[in-house]
Structures are given as C-alpha cells and as structure tokens.
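Colleague: the following comprises the amino acid sequence and a computationally predicted model.
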Amino acid sequence: EHLGTKWVADRVLDYLDHKSKNRPYFLFAGWIAPHPPFNVPERLVDLYKDVDLPSPREAKSGLCPMAEENKAWGDFPDPSYERKMRESYFAQITFIDEQIGRIIQKLKDMGEYDNTLIIFSSDHGEMLSDLGCYQKFLPFDGSSKIPLIVRFPKHTEAGQRKEEFVDLNDLLPTMLDVAGVEYPPGYELPGESLFAPDPKKDRSYQYIEYSRGNRRWVSVRDKRYKYVYYYGGGREELFDMNSSDGDAYNLLEHEK
C-alpha cells in the first residue's frame, strides 16, 4: 500500500479528482522504479520465479574503465542472487504497469483519454548485469537506450512503430506543439516536435553525451554503427549494432 510506485499513482489520481474540469493541465508522474532497491509487493515476489528471462549479454572484448568501475554495483555470492535481482526488476516493471493502468482507466472514466497526450519514457536504462555491469552512466544500449511510447489519437495510430531516432530533447517541443504554445524567440530548442508537419531534424543519427571532465564521454550512432569516445584516457569504441554481438564487441580491438 505504501510503496513509492503505488504512492505516485495515488497522487496522480488524487490530482485528477480535484483539478479544474474546464482548464488544460500538465502532469508529470515520475516513478523511481525500476531501480534499486528492487523491492516489490509480496504478491509479486515470485511472479517471475520460473519464467524464462532474457540472459545477460557477455562482453566479447575489453571494457572501458568506467564499465569496470560499474561492476562494483553488483556483488553476488552465487548466481541465484543475480537471478533473483533480475526477477525483482521485472516484477517492479509489472507493478508500474498496474499503476499506469489505474491512471489510464481514470482518464477513460473522466472522458479525457482520447483528449490527452500521453508520453511514456525514462531518464536512463539499467544494465542489469549485461556485460557484467549494473545500473547506468554507460553508452551501451542497456543504459542509454530508453523506451518512448506516445499516445495522442490526433497524431498517432494504435500499434504504429517509428524507427527514426528520438531523444529527450524532443519532448518539450512536442508538448508545446500540442498545447499550441510558442517558445520565446531568441532561444533555440535542441529538439523538435514529434508531430512537426515539416520536420527539419535529421533523425538518421543520434548523439549522446554524459558527464564532464575525465568522466565525460560522447557517442554518435546511426542505424548500424555506434561510436564512443571517452575523454578520460581517449579510449575509442566502435560497435556494429546490426551484428549479433552489438555493443558487446568493440570493432577497434584487433583480436576478438
């Protein structure tokens, strides 16, 4: 009853119950989960106990110092602990899905479901023992590739899937576009509305960056290749994302 995941949804429902019925609104619901500690309601603890979960990907080449540092986040006495962590992570996602369902049902009950722009995304992913790493701050897909689900019947169709690159910079322009609000002149937004009638942003590639100083890295990728440069040490990585190894193997290492 009092876990943070349910608390967030409770606050959303309370807001929807008491907001003005005649004015537009903006609501940001931020769930901490899925995130350590991987605590879930008792009824979900064993939900994925005997389920065939995706196996962690193994590194096929050397890892950057930041990735080696990242390994310290996970220290399991035996494989059963690592397995339990993954089960709990998936259970946390299920718990969030339930809470989102409550909010969607509320919007339907209010008659606002089809009149509401819904954007589901995240700030980062979770390595979840892929390449032997955990948590975030790495350029690998497990950490830096995040979900984006958008529902707005005026511009989207059920089941529609887009392959172009999108990033968090695009969210504010999209919201302003739907709200019919002009951004103040003199300031240029780095993103672009997902519903722009005459799009200018080149979505054939994606730029990513993290931190500053010797912990800074930058990355650029297209549909096939991902390149990463680490400022601390000048390490370079190049991955063929269409290969079975993906970002588990650095093409710039001569021996596999």
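Modeller: Now that the structure is in, tell me what you want to look at. Predicted model only: the values in this text are computed from it and were never measured.

Colleague: as a whole number, average confidence for stretch 131-146?
Modeller: Regarding stretch 131-146, the rounded mean pLDDT is 95.

Colleague: tell me the pLDDT at residue 79?
Modeller: pLDDT, residue 79: 85.

Colleague: next, count neighbours for residue 97.
Modeller: 9 (other Cβ atoms under 10 Å). For every residue, glycine as well, the C-beta is placed using N, CA and C.

Colleague: same question, residue 166
Modeller: 19.

Colleague: got it, and residue 81?
Modeller: Using other Cβ under 10 Å as the criterion, residue 81 is surrounded by 11 other residues.

Colleague: over to it. Which of the three states is it?
Modeller: Using DSSP: H, G, I helix; E, B strand; the rest coil, the structure places residue 81 in helix.

Colleague: for it, give its distance to residue 6.
Modeller: Per Cβ to Cβ, to the nearest Å, residue 81 is found 26 Å from residue 6.

Colleague: repeat that for residue 184.
Modeller: 38 Å.

Colleague: who has more neighbours, these two?
Modeller: Set residue 184 next to residue 6 and count neighbours by other Cβ under 10 Å: residue 6 wins out with 17 against 6.

Colleague: ok now do that one, which residues does it touch?
Modeller: 95, 99 (Cβ atoms under 8 Å, 6 or more residues apart in numbering).

Colleague: could you pull out the buried residues of whichever strand or helix holds it?
Modeller: Using DSSP states H and E, residue 6 sits within helix 4-18. Residues 5-6, 8-9, 12, 16 are the ones in helix 4-18 that count as buried (16 or more other Cβ atoms under 10 Å).

Colleague: can you name the element that comes right after that helix?
Modeller: Using DSSP H and E, the first helix or strand after helix 4-18 is helix 65-70.

Colleague: so where do the strands sit in the stretch 51-200 of the chain?
Modeller: With DSSP state E, counting those that start in this stretch as the criterion, the stretch 51-200 of the chain has strands at 118-120, 149-151.
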